[in-house]
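In: pasting the structure only:
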Ligand code: ADP
Ligand code: LRH
């Protein structure tokens, strides 16, 4: 009996069929598609109807394989949303979190609710594109979308709504809005009131593993398939990725490595201390009422944008080619703080890397391999920094680091991460989010008793790569330089 997982990342989406045979998970990727944002005039959007089309392609491909999945679920990147009118129609195409419309909004919201108050209510890190600042920006500009809105749905909620006709807000994604209060276990009414967002937009929040309707009859007729039950999982992709970390102990560190790098640990209760606020750590809701104490690191986004920049110039490199160029380039041409706001928005990355290098008195990368090497070395060093703070904040010491996500195909990055942190790196599975999505569906159906059992089976089903640290002295020295030039608090 198969089940179906859709995992929509910021760079691509995929549909995986999952099967459990003799307590081993088998997965088959049946559909993969790009998730290219669309710049329309001055606005950057997601092409949400194209994503719905791709979900349907996944259903058709399952049908053509003779499969009738027992259930399905969707996870995606967080913070973005659609607004639904009274007549049930989507108002406008959802904005991409890298659109410029939230610039300056954090400060405007802080004038209404002090930053420390927002953290005390939500436990969520301050990123300029959080849903709260997106909604505040719509309010500030008196957007007709907000005026007409009757319901608020995060991206997986929205796609699920298209599949089932039912509107349900899922927990893990709800927490990333910075409008959900984990202590009161609900949308924070005072926060919503303070920024003037009507509370009626937000429905009750359901946890991962809840039945959330069936495929609509009209959709089944269109595709010529039988109905399938739809389940909520950890619909925030990072929540699903962490559910799939094959850790045997409860105190483990992870790095979900894709467009973003999300590094942290799983905790039973949000860590909402002054220090967590100062360091801008977050506490995102997870499976089984857990929380992810983590920090966003800009991640492979910078490399993706560099690749796109070169494509615009007619230079088409694959990721493995870019990694090979980095390997052959000389070390330490330059280091950057990947989280400098310079790198947040779409556009040419090479001039920004050069500008950062000049600003910090370093040599500018010139050759493609030097740029890629700069990004990968800088990421590895930033990982060390965030891992050390994760240990401090959680009061744990980690023996190594679990890496999951598409980025683990970059063996150079995995090795350099081990070198930078001075601890082993354990990699896999690469399709962490999709496998976490499947795992929660199996918990919901009773195939797995709990998350621990799911992780044990994941460990038995997928090979774990091991990278031992080498070259410690050179990385130690580079780390000292990195901390100085990035002016990071230590
Ligand atoms: P997301 O889910 O955010 O879209 P993924 O988890 O799919 O991201 O990871 C995408 C990243 O994985 C790319 O930015 C790229 O850096 C890396 N990657 C993908 N394939 C390869 C490969 N064959 N070799 C090296 N790196 C790769
Ligand atoms: C990773 C991710 C991350 C969010 C970002 C918007 O895909 O969901 O956890 O912060 O996208």
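Out: Nice, I can see it. Here the structure is a predicted model, which means the values were calculated and not measured. Ligands and ions are numbered 1, 2, ... in the order given.
In: which non-adjacent residue is nearest whatever residue of the stretch 51-200 of the chain ends up closest to ligand 1?
Out: Going by CB to the nearest ligand atom, ligand 1 is nearest to residue 77 of the stretch 51-200 of the chain, at 6.8 Å. In short, each C-beta sits where N, CA and C put it, glycine included. Spatially, and ignoring its direct neighbours in sequence, residue 77 is nearest to residue 10 (4.8 Å; CB to CB, 6 or more residues apart in numbering).
In: neighbours of the closest residue to residue 96 other than its chain neighbours, how many?
Out: In space, residue 96 comes closest to residue 44 once its chain neighbours are excluded; the distance is 4.2 Å by CB to CB, 6+ apart. Counted with other CB atoms under 10 Å, residues neighbouring residue 44 total 18.
In: gap between residue 44 and ligand 1?
Out: 16 Å (CB to the nearest ligand atom, to the nearest Å).
In: picking that back up, give me the distance between the residue nearest to residue 77 and ligand 2.
Out: Separation of residue 10 from ligand 2 (CB to the nearest ligand atom): 5 Å.
In: now swap in residue 33 and tell me
Out: From residue 33 to ligand 2 the distance is 16 Å (CB to the nearest ligand atom).
In: hmm, who's touching the helix or strand where that residue lies?
Out: Assigned by DSSP states H and E, residue 33 falls within strand 24-34. With contact meaning CB atoms under 8 Å, 6 or more residues apart in numbering, strand 24-34 is reached by 11-20, 54, 57-58, 61-62, 65, 431, 434-435, 438-439, 457-458, 460-462.
In: hmm, who's touching the helix or strand hosting the residue nearest to residue 96?
Out: Here residue 44, judged by DSSP H and E, is contained in strand 43-45. If you take CB under 8 Å, 6+ apart as the criterion, strand 43-45 is touched by 37-39, 93-96, 98-101, 346.
In: out of those, who's near ligand 2?
Out: With CB under 6 Å from any ligand atom as the criterion, the contacts of strand 43-45 include none near ligand 2.
In: go through the residues you listed and say which is closest to residue 256.
Out: Closest to residue 256 out of the contacts of strand 43-45 is residue 98 (18.7 Å), distances taken as CB to CB.
In: check the secondary structure at the closest one for me.
Out: The three-state assignment at residue 98 reads coil, by DSSP: H, G, I helix; E, B strand; the rest coil.
In: before we move on, what about the one 10 residues further on?
Out: Under three-state DSSP, residue 108 falls in the helix class.
In: identify the spatial nearest neighbour of the residue of the stretch 151-300 of the chain found nearest ligand 1, chain neighbours not counted.
Out: Nearest residue of the stretch 151-300 of the chain to ligand 1, counting by CB to the nearest ligand atom: residue 258, 2.8 Å away. Computed as CB to CB, 6+ apart, the closest residue to residue 258 that is not its neighbour in sequence is residue 405, at 4.3 Å.
In: contacts only, for that neighbour.
Out: Per CB under 8 Å, 6+ apart, neighbours of residue 405: 241, 255-258, 430, 432-433.
In: ok, and the closest non-adjacent residue to the residue in the stretch 301-450 of the chain that ligand 1 sits nearest to?
Out: Closest residue of the stretch 301-450 of the chain to ligand 1, CB to the nearest ligand atom: residue 406 (2.3 Å). Computed as CB to CB, 6+ apart, the closest residue to residue 406 that is not its neighbour in sequence is residue 258, at 5.0 Å.
In: what residues does the protein put near ligand 1?
Out: Near ligand 1, when you scan the chain using CB under 6 Å from any ligand atom, you find 9-12, 258-259, 300, 303-304, 319-320, 323, 405-407, 409-410.
In: can you rerun that using 8 Å?
Out: For the chain, the residues in contact with ligand 1 (CB under 8 Å from any ligand atom) are 7-13, 35, 77, 237, 256-260, 299-301, 303-304, 307, 318-320, 322-323, 405-407, 409-411, 413, 430-433.
In: and these, which of them are buried?
Out: Buried subset of the residues of the chain next to ligand 1 (neighbour count, 16 or more other CB atoms under 10 Å): 7-13, 35, 77, 237, 256-260, 299-301, 303-304, 307, 319, 322-323, 405-407, 410, 413, 430-433.
In: now, those residues that are in helices?
Out: Using DSSP state H, the subset of those located in helices is 237, 301, 303-304, 307, 319, 322-323, 413, 432-433.
In: please consider this matter closed, and thank you.
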